[in-house]
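Colleague: Let me see the structure of the following:
(chains A and B)
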2 protein chains.
Amino acid sequence: MTQPLRGIALALFVVFASALVASAEPGGIGSRVFVVERASESLAVYDFVARKLLPARITGLGNLRHATMIFSPDLRYGYLATRNGQVSRIDLAKLERTGVVFTSENSIDNAISQDGRVIATAEYAPGGLTLLDAESMEILKKHPANFEKDGERFASRVTGVVDAPGNRFACVLIEAAEIWLVDASKPEFPIEHRIKTHQNNPYDAMITPDGRYYVVGHMKSDRVSVLDLTQPEGGIREVSLRDPKRDYDKAMPVKLPHLASWAVAGRSIFVPLVGEDRLAVLDRTTWNFVRSIPLRGHPVYAVRSPTEREVWVSFSGDEDDAYVQVIDVEQLAVVDTLRLGRRIYHMDFTPRGSHVLVSANADDKLLLVNASTREIEDAVEVASPSGIFGAWRAFRIGL
Amino acid sequence: MTQPLRGIALALFVVFASALVASAEPGGIGSRVFVVERASESLAVYDFVARKLLPARITGLGNLRHATMIFSPDLRYGYLATRNGQVSRIDLAKLERTGVVFTSENSIDNAISQDGRVIATAEYAPGGLTLLDAESMEILKKHPANFEKDGERFASRVTGVVDAPGNRFACVLIEAAEIWLVDASKPEFPIEHRIKTHQNNPYDAMITPDGRYYVVGHMKSDRVSVLDLTQPEGGIREVSLRDPKRDYDKAMPVKLPHLASWAVAGRSIFVPLVGEDRLAVLDRTTWNFVRSIPLRGHPVYAVRSPTEREVWVSFSGDEDDAYVQVIDVEQLAVVDTLRLGRRIYHMDFTPRGSHVLVSANADDKLLLVNASTREIEDAVEVASPSGIFGAWRAFRIGL
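Modeller: Numbering: from 1, shown residues only, chains lettered A, B, ... in the order given. Okay, the predicted model is just below:
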């Protein structure tokens, strides 16, 4: 082969090879599920239709404790916010990182605006809200969460950032005890509302799946703050999670796990309570306490089926964390107890509710459980799996 | 250039060109919206994030009256069922047809199983249900809808096929007046339940968005048949859409439009009634008639926002079909009337509810309307647009 021919052959090989890389992954983007491998700071990718772990792993992502992944509405990108202030942009077709930016030294949460143009990250240090261009990853705006107390200025940590209807973001300031509503459509991203919570030390928040209520939990309190986003000027309503039929040691407050663990289904809101062996059930419309559902242990996550007929609950503690209990949403009672794998960290239903994806952390396994038969239909090896993020989350409010 | 060099250069060009074709379309798959161009038997493709009509048009698709498009859960394919019995498989990345099969001479509807493996098409002639392999487009099974009447055998037309929880399909036989529930997981796709409706001449059906109730409309009847899919052995319940406060000429029955036009939102079901200037509101739990909502004209489609806070209604008739009325789901009343474009045929919300896509058939326009400000933010030329099908329908039950 002559030199020029060799050069062209090499060029051809490179072109073919890149074409192969670009199309190497089987299946389509819609059924891709990203699983946080906490110990190795990486993401594994599972296809729930092909029922295969894809060969690609995305590595070098930073501290993935409480990492959350969001998706652009066109399904080109996923965005992973990590505890060390790093936001990584993942190309969902190529399954590789195509952008990274450090928004702070320590961040906790992120959200994408309804129009897909802006990412918001909640920062712990320095405390504030950062707005990023979703395409270029450029920092567009920083809202420092400064506040004054006893004549001194502090920067509050920010958490619980979610997308809200009307192309808004909602977030909550921990030390400042204040909810912010931010308009992602306007230049400079104005903070339209600043609403003080009555209680101190908010530590996490969630939005109901219809985008109506923003719910804030407070440290060492049995009452959550509820803000109706259709009328934020109406202010905070406090809702108790205490069961009036139970006796409480006054020194032992009801504690709450992270609010992403609440399930809204049918007419009810299901709230796992840390350190108690029950779910609290609230009425979805009135927010009144309805009843407790006794459980086998201390609940961590309550996840609703898209059919809203069942809620699946995971547990903490060596005695219980291999189990999942299935709650019937009409009966408000446990109808099944499943032993699925050791140390279950996270669960999510597939988008039309046929299966549940479960990470069994101590077994290094991701499980695919049939939601009807409740049998494990697939199990793949994933190193130290925790959070599970399916691409279809792009199409849900507040995820 | 020597001959071999020329050959290699040509090969290189071909490789580059195919790479370009594969990535020629801007944006990602998640925001692609397929718009039926009825007159030209084609699909136009709009990207609601990029706010652009894509250059690709998919042509030669057959008679697109009442065409429905469904999507595979991995978002590799869309499937279009057409009135001439033709099912086309569209590659969602390449935006071209990659498969076609004729399942009958005349079909009306299709659905995809929860596991994404099986397509069901409802056939008019010869009447029956066809099950196709979603990947190969091979016909796996035909269930002829044969029935006997007065000693003679007939083949019934089949309509209203939807996916249902548990990897099932539901459909209804028009002349045989019978609902079928089919298990898409088992070989031979057994018809597990055959449930006679009390009334004759069912003509269309829908499933509620939680996958619980299958609702069948009957010709010239003001009562629909409701089947609770969690207990099909409980049989049919009949629900009246008559407003007890209204006087009806006994000769003039309440008519129903196609059942895809019902909206389920909040605690209510909103039913447009052909030839009446009202929506009937039913209670979502009890199915009892709640009230009528007076409208400016005869409603055709009622479409719910993903927030379940609003329902948007379109109209028939030259006087009214340029208008949309917005219903507040809590107030059960019209809160806005918009003039959007001539002869509005179809509407759908973007997945997180920020915008409404509207086809203005007589204006040859697809509109993108801001759901909060209710302003038209984009308008593109589409020839004779009717049905609007966004890729995110892959992740909804019963679409």
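
Colleague: only C-alpha atoms for contact and neighbour calcs from this point on.
Modeller: Will do.

Colleague: Quick one: low-confidence residue ranges for chain A.
Modeller: A:1-27, A:247-257 (pLDDT under 70).

Colleague: Show me where it has its helices.
Modeller: A:3-22 (DSSP state H).

Colleague: Close to chain B: what parts of it are there?
Modeller: Selection of chain A residues close to chain B by CA under 8 Å from any CA of the partner chain yields A:5, A:8-9, A:12, A:15-16, A:19, A:27-32, A:49, A:73-76, A:114-116, A:165-167, A:209-212, A:306-308, A:351-354, A:372, A:392, A:395-397.

Colleague: Could you turn the buried ones of those residues into a ChimeraX selection?
Modeller: Of those, the buried ones can be selected in ChimeraX as follows, counting by 16 or more other CA atoms under 10 Å in any protein chain shown:
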select /A:9,12,15,16,27,28,29,30,31,32,49,73,74,75,76,114,115,116,165,166,167,209,210,211,212,306,307,308,351,352,353,354,392,395,396,397
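
Colleague: For the stretch 251-399 of chain A, which residue gets nearest to chain B?
Modeller: Closest approach between the stretch 251-399 of chain A and chain B, counting by CA to the nearest CA: A:Thr307, at 4.4 Å.

Colleague: Skipping adjacent residues, who's closest to that residue in space?
Modeller: B:Asp210 (4.4 Å; CA to CA, 6 or more residues apart in numbering or on different chains).

Colleague: wait, that neighbour sits on A:Glu308?
Modeller: Yes - applying CA atoms under 8 Å as the test, B:Asp210 and A:Glu308 come out as touching, 6.6 Å apart.

Colleague: where exactly do the strands run in the stretch 101-250 of chain A?
Modeller: A:106-112, A:118-125, A:127-133, A:139-144, A:146-149, A:152-155, A:158-164, A:168-173, A:178-183, A:191-196, A:202-207, A:213-218, A:223-228, A:236-240 (DSSP state E, counting those that start in this stretch).

Colleague: okay if I get these as JSON lines plus mean neighbour count?
Modeller: Below are the strands of the stretch 101-250 of chain A laid out as JSON lines (neighbours: other CA atoms under 10 Å in any protein chain shown):
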{"stretch": "strand A:106-112", "mean neighbour count": "28"}
{"stretch": "strand A:118-125", "mean neighbour count": "27"}
{"stretch": "strand A:127-133", "mean neighbour count": "23"}
{"stretch": "strand A:139-144", "mean neighbour count": "16"}
{"stretch": "strand A:146-149", "mean neighbour count": "13"}
{"stretch": "strand A:152-155", "mean neighbour count": "13"}
{"stretch": "strand A:158-164", "mean neighbour count": "29"}
{"stretch": "strand A:168-173", "mean neighbour count": "28"}
{"stretch": "strand A:178-183", "mean neighbour count": "23"}
{"stretch": "strand A:191-196", "mean neighbour count": "15"}
{"stretch": "strand A:202-207", "mean neighbour count": "25"}
{"stretch": "strand A:213-218", "mean neighbour count": "23"}
{"stretch": "strand A:223-228", "mean neighbour count": "21"}
{"stretch": "strand A:236-240", "mean neighbour count": "17"}
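
Colleague: got those strands as JSON lines, with distance to A:Thr337 columns?
Modeller: JSON lines is the format used below for the strands of the stretch 101-250 of chain A (distance: least, CA to CA, whole Å):
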{"stretch": "strand A:106-112", "distance to A:Thr337": "32"}
{"stretch": "strand A:118-125", "distance to A:Thr337": "37"}
{"stretch": "strand A:127-133", "distance to A:Thr337": "41"}
{"stretch": "strand A:139-144", "distance to A:Thr337": "46"}
{"stretch": "strand A:146-149", "distance to A:Thr337": "47"}
{"stretch": "strand A:152-155", "distance to A:Thr337": "45"}
{"stretch": "strand A:158-164", "distance to A:Thr337": "31"}
{"stretch": "strand A:168-173", "distance to A:Thr337": "36"}
{"stretch": "strand A:178-183", "distance to A:Thr337": "38"}
{"stretch": "strand A:191-196", "distance to A:Thr337": "41"}
{"stretch": "strand A:202-207", "distance to A:Thr337": "27"}
{"stretch": "strand A:213-218", "distance to A:Thr337": "28"}
{"stretch": "strand A:223-228", "distance to A:Thr337": "29"}
{"stretch": "strand A:236-240", "distance to A:Thr337": "28"}
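
Colleague: Can you say which of the ones you listed is nearest to B:Thr103?
Modeller: Evaluated with CA to CA, the strands of the stretch 101-250 of chain A place strand A:106-112 nearest to B:Thr103, the distance being 42.5 Å.

Colleague: which other helices and strands contact the closest one?
Modeller: strand A:68-71, strand A:77-81, strand A:118-125, strand A:158-164 (3 or more CA pairs under 8 Å, 6 or more residues apart in numbering or on different chains; DSSP states H and E).

Colleague: please redo it, this time with the cut-off set to 10 Å
Modeller: Judged by 3 or more CA pairs under 10 Å, 6 or more residues apart in numbering or on different chains; DSSP states H and E, strand A:106-112 is in contact with strand A:68-71, strand A:77-81, strand A:86-91, strand A:118-125, strand A:127-133, strand A:158-164, strand A:168-173.

Colleague: Figure out which of those is closest to B:Ser221.
Modeller: strand A:158-164 (41.9 Å).

Colleague: Strand A:178-183 and the closest one, what's the angle between them?
Modeller: Per axes from the mean of the first three to the mean of the last three CA atoms, to 10 degrees, the angle that strand A:158-164 makes with strand A:178-183 is 40 degrees.

Colleague: count of neighbours near the residue nearest to A:Leu366 when sequence neighbours are not counted?
Modeller: Once flanking residues are discounted, A:Leu366 sits nearest to A:Ser359: 4.6 Å by CA to CA, 6+ apart. A:Ser359: 31 surrounding residues under other CA atoms under 10 Å in any protein chain shown.

Colleague: hang on, A:Ser359 packs against A:Phe389?
Modeller: No - checked against CA atoms under 10 Å, the pair A:Ser359 and A:Phe389 is beyond contact range at 11.2 Å.

Colleague: where do the contact lists of these two overlap?
Modeller: Both A:Ser359 and A:Phe389 are contacted by A:35-36, A:346-348, under the criterion CA atoms under 10 Å, 6 or more residues apart in numbering or on different chains.

Colleague: For A:Gly78, give the beta-bridge partners.
Modeller: Bridge pairing for A:Gly78 (DSSP bridges) gives the partners A:Phe71, A:Ile90.

Colleague: wait, it sits on A:Asn110?
Modeller: No - A:Gly78 is not in contact with A:Asn110 according to CA under 10 Å; the separation is 11.2 Å.

Colleague: Overlap in contacts, those two.
Modeller: Common neighbours of A:Gly78 and A:Asn110 (CA under 10 Å, 6+ apart) are A:69-70.

Colleague: Quick check: the residue nearest to the spatial centre of chain A vs A:Ser107, distance?
Modeller: Centroid-nearest residue in chain A, with CA atoms, centre = their mean: A:Thr68, separated by 5.1 Å. Distance, A:Thr68 to A:Ser107, by CA to CA, to the nearest Å: 11 Å.
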